[in-house]
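Peer 1: The following block contains a protein sequence and its predicted model.
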Amino acid sequence: MKAIVTVIGKDTTGIIAAVCTLLAENKINILDISQTVMEGFFTMTMLIDMKECVVPFAEISEKLSAKGEEMNLSIRVQREDIFDKMHRI
Amino acid sequence: MHSQKEILSTINMIDNQHLDVRTITMGISLLDCASDSVEITAKKIYEKITRLAKDLVKTGEDIEKEFGIPIVNKRISVTPIALVAAACKETDYTPIAVALDEAAKKCGVNFIGGFSALVHKGMTKADENLINSIPSALASTERVCSSVSVASTKAGINMDAVALMGKIIKKTADMTGEQHGFGCAKLVVFANAVEDNPFMAGAFHGVGEAECVINVGVSGPGVVHHALKKCKGQPFDVVAETIKKTAFKITRMGQLVASEASRRLGVPSGIVDLSLAPTPEKGDSVARILEEMGLEACGTHGTTAALALLNDAVKKGGVMASNHVGGLSGAFIPVSEDEGMIEAALKNSLTLDKLEAMTCVCSVGLDMIAVPGDTSASTISAIIADESAIGVVNTKTTAVRIIPAVGMKVGDMVEFGGLLGSAPVMPVHEFSSENFVLRGGRIPAPMHSLKN
């Protein structure tokens, strides 16, 4: 299953490292990353593949959002389908 | 991969523009629960609902988590109880309402609809029993919703039923008088009722439906409002196009949730209801969309035209986005549930008469309107008759959900709480309709040719 991770918040050191480590620990492969920093505001979207991941989706989602709170960021993961349906015919 | 812009626009819709799936409603047929005793029927009903809907709430919550889209309500609709209870020897169907309430609580859904009767042409004994049980059923339950169909384009308007419903609404208000007639917020009177509506309080599972289905109601007035802010001063062609595109996106998401829920529950997917359903939250209002089109306050001249455009564009955008469209589909205008409507009513821009005109072009009817507690039963019946006439003649669904606010007068505010919001008590015409309602009988079905 593919999903999109979105990280939004104030730029700080180690955001990508922290998110990538968490994903790697859970056997989640990163397929694509896109990142911008505008006026100190950090936005990153990642396409991830969860087929090797054995942890339930809800747990990954909670871990990411907890990591976000720790770093004062908003981190969420959503299945890719929702973006597909909304933006592609 | 999707562009960052697309991803962020979806997230922005959810976080800042109140985009959500308003309801996943499981429709359940109860025809096989019939028996000659109310007690046995109630037991069978409880058993069937709690068996079929046991995973409904959990499945809804799982989908919410995985897709990151809020699903505000999980609900159940059932076969009109007048049909299920027709063989019972007892005449009071309240115990069945209590069983529905208990089943709803057990499954964790916030409303269950279908304490209903379809009497648009005539009433059976069971229909009469059910209607007479409505006040006590709504007073003794928390989550049960009731609806009565009193008119249809094919049958005309059953004025005996209309007269009876005026009295029933008054009695329901009196029996829930401590909450200023709150029971009436769970009671809808329909013309051209639909069988697959997922929205409360009017949802029921029609006899033409399958054993069990999943219907989904989408929403998103805030998203449409936000999109329109970007086309200030542009001609209506641009407005319509913008609404269509937005409705398409909202509905695609609803369809995804519908398909996913249906697959996980192993229940066929019924319909997606393409609706703009407001909530009392700021930024989730249909009235504000109309005002964005250039009206100083909702209810002023031009409101009906603005609503007609909105309603039509929502359907056009949504139709292509979903496999099967149904339910009420269109813009809802429940006064107490819409922050902009409440404000417009408070400053006397929005009146009952203007709301009636608006119901000619929107998806339902006079919805969540509080009137003075001393409004007579015949005046309420006459309001229902007017609204039914609009539905019958225009071949559309109309409905009346009106609350005689016990102990309150024009200008007072009635608080219903939660999604039901709060409503200013609106004035009704002071002249009597008593003799009109007393006539009874049936207003014949209208012509379908010579349309002018």
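Peer 2: Received, thanks. Everything numeric here is computed off the predicted structure, so don't read it as measured data. Numbers count the residues shown, from 1 in each chain, chains lettered A, B, ... in the order given.

Peer 1: In contact with B:Ala42, which residues?
Peer 2: B:95-96, B:98-99 (CB atoms under 8 Å, 6 or more residues apart in numbering or on different chains). Glycine gets a C-beta too; all of them are placed from N, C-alpha and C.

Peer 1: Output the helix or strand hosting it in PDB with nothing but the alpha carbons.
Peer 2: Using DSSP states H and E, B:Ala42 sits within helix B:38-52. What follows is helix B:38-52, C-alpha atoms only, in PDB (Å, rounded to 0.1, in the frame of the first residue of the first chain):
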ATOM      1  CA  VAL B  38     -44.600  -5.800  19.700                       C
ATOM      2  CA  GLU B  39     -42.300  -7.400  22.200                       C
ATOM      3  CA  ILE B  40     -41.100 -10.100  19.900                       C
ATOM      4  CA  THR B  41     -40.700  -7.700  17.000                       C
ATOM      5  CA  ALA B  42     -38.600  -5.300  19.100                       C
ATOM      6  CA  LYS B  43     -36.400  -8.200  20.200                       C
ATOM      7  CA  LYS B  44     -35.800  -9.400  16.600                       C
ATOM      8  CA  ILE B  45     -35.100  -5.800  15.500                       C
ATOM      9  CA  TYR B  46     -32.500  -5.300  18.200                       C
ATOM     10  CA  GLU B  47     -30.900  -8.600  17.400                       C
ATOM     11  CA  LYS B  48     -30.700  -7.900  13.600                       C
ATOM     12  CA  ILE B  49     -29.400  -4.400  13.900                       C
ATOM     13  CA  THR B  50     -26.700  -5.200  16.500                       C
ATOM     14  CA  ARG B  51     -25.600  -8.200  14.300                       C
ATOM     15  CA  LEU B  52     -25.400  -6.300  11.000                       C
END
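
Peer 1: in that helix, what counts as buried?
Peer 2: Using 16 or more other CB atoms under 10 Å in any protein chain shown as the test for burial, helix B:38-52 gives B:38, B:41-46, B:48-49, B:52.

Peer 1: From these, pick the one nearest A:Lys27.
Peer 2: Using CB to CB, B:Leu52 comes nearest to A:Lys27 of the buried residues of helix B:38-52, at 36.8 Å.

Peer 1: can you pull out the helices in the stretch 201-350 of chain B?
Peer 2: B:221-229, B:236-265, B:286-292, B:303-319, B:339-346 (DSSP state H, counting those that start in this stretch).

Peer 1: Let me fix that, I meant to ask about chain A.
Peer 2: Ranges of helices in chain A, per DSSP state H, are A:15-25, A:57-70, A:81-87.

Peer 1: Packed most tightly, which of those would that be?
Peer 2: Per residue and on average, the most neighbours among the helices of chain A fall to helix A:81-87, with a mean of 20 (mean count of other CB atoms under 10 Å in any protein chain shown).

Peer 1: neighbours around B:Met320, how many?
Peer 2: 13 (other CB atoms under 10 Å in any protein chain shown).

Peer 1: Can you pull the residues of chain A lying near chain B?
Peer 2: Chain A comes close to chain B at residues A:4, A:6, A:8, A:31-32, A:34, A:36, A:43, A:45, A:47, A:57-58, A:61, A:76-87, as judged by CB under 8 Å from any CB of the partner chain.

Peer 1: Strands along the stretch 301-450 of chain B, start to end?
Peer 2: B:330-331, B:366-372, B:398-405, B:413-415, B:422-424, B:442-443 (DSSP state E, counting those that start in this stretch).
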